[in-house]
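**Q** When you get a sec, could you give me coordinates for this:
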Amino acid sequence: MVEQAGSAAAPDKSRNQHHTLQVETRLRVELKDITSQITRLVERSGVQSGQCHIFVPHTSAALLINENYDPALRSDIVNFLKKLAPVSPDYQHNDGNCDSHLKAMLIGVSKTLLVEHGQLILGRWQGIYFCEFDGPRRRDLHVKIVAD
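**A** Residues are numbered from 1 along each chain as shown. Modelled structure (predicted):
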């Protein structure tokens with residue numbers, strides 16, 4: 001994951017910070033753990049209390065917060081979504097990726113996390129996943145860290 005130039009400058013508790021990250025995916029469907037990248041941005045921000053907003057500006061990608069302890073769960077999630085929105089030529093939107101749009105719609109393109117004591121608040125087993133449903137691609141991911 002690469003942070004693009006033009007993101008926020010030096011940490012400053014008194015202002016909001018916007019970062020644009022690039023996520024590289026290698027598979028058509030991939031759940032990529034981005035927890036450490038988001039955690040690092042929050043820690044570098046200097047924000048002690050606030051929110052971290054994450055947004056994917058793509059219609060065939062999404063964001064998910066779920067268990068990140070057992071990697072087998074990622075396969076289970078992918079297989080579950082495959083059953084809900086299978087690849088099929090029967091969709092009216094038949095560009096070959098309608099299933100990708102439906103999966104992204106189910107998961108959602110944004111998440112808001114709380115920041116306390118300079119750290120993201122996540123459950124013990126939780127991680128943040130970038131969900132690619134129409135890859136491989138290079139995608140943008142916007143992160144806005146807002147101080148209270």
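
**Q** partners of the longest strand seen in the chain, with directions?
**A** In the chain, with assignment by DSSP state E, the single longest strand is strand 138-147. Strand 138-147 has the following sheet partners, assigned by DSSP bridges: strand 17-24 (antiparallel), strand 49-55 (antiparallel).

**Q** Including mean pLDDT and distance to Gly108, could the ones you listed go into JSON lines?
**A** Quick note: C-beta positions are derived from backbone N, CA and C, even for glycine. Formatted as JSON lines, the strands paired with strand 138-147 follow (pLDDT from 0 to 100; distance: least, Cβ to Cβ, whole Å):
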{"stretch": "strand 17-24", "mean pLDDT": "97", "distance to Gly108": "16"}
{"stretch": "strand 49-55", "mean pLDDT": "98", "distance to Gly108": "10"}
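
**Q** Reformat those strands as a markdown table; add distance to Asp95.
**A** Shown next, in a markdown table, are these (distance: least, Cβ to Cβ, whole Å):
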| stretch | distance to Asp95 |
| --- | --- |
| strand 17-24 | 22 |
| strand 49-55 | 24 |
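
**Q** Phe133 - nearest residue in space that isn't next to it in sequence?
**A** Once flanking residues are discounted, Phe133 sits nearest to Ser100: 3.8 Å by Cβ to Cβ, 6 or more residues apart in numbering.

**Q** those helices in the chain, which residues are they?
**A** Using DSSP state H, the helices of the chain run over 35-45, 72-84, 98-107.

**Q** Point out the one among those helices that comes closest to Leu63.
**A** Closest of the helices of the chain to Leu63 is helix 98-107, at 7.0 Å (criterion: Cβ to Cβ).

**Q** between that closest one and helix 72-84, how many degrees?
**A** 120 degrees (axes from the mean of the first three to the mean of the last three Cα atoms, to 10 degrees).

**Q** With Asp33 as the reference, measure out to Leu73.
**A** Leu73 sits at a distance of 11 Å from Asp33 (criterion: Cβ to Cβ, to the nearest Å).
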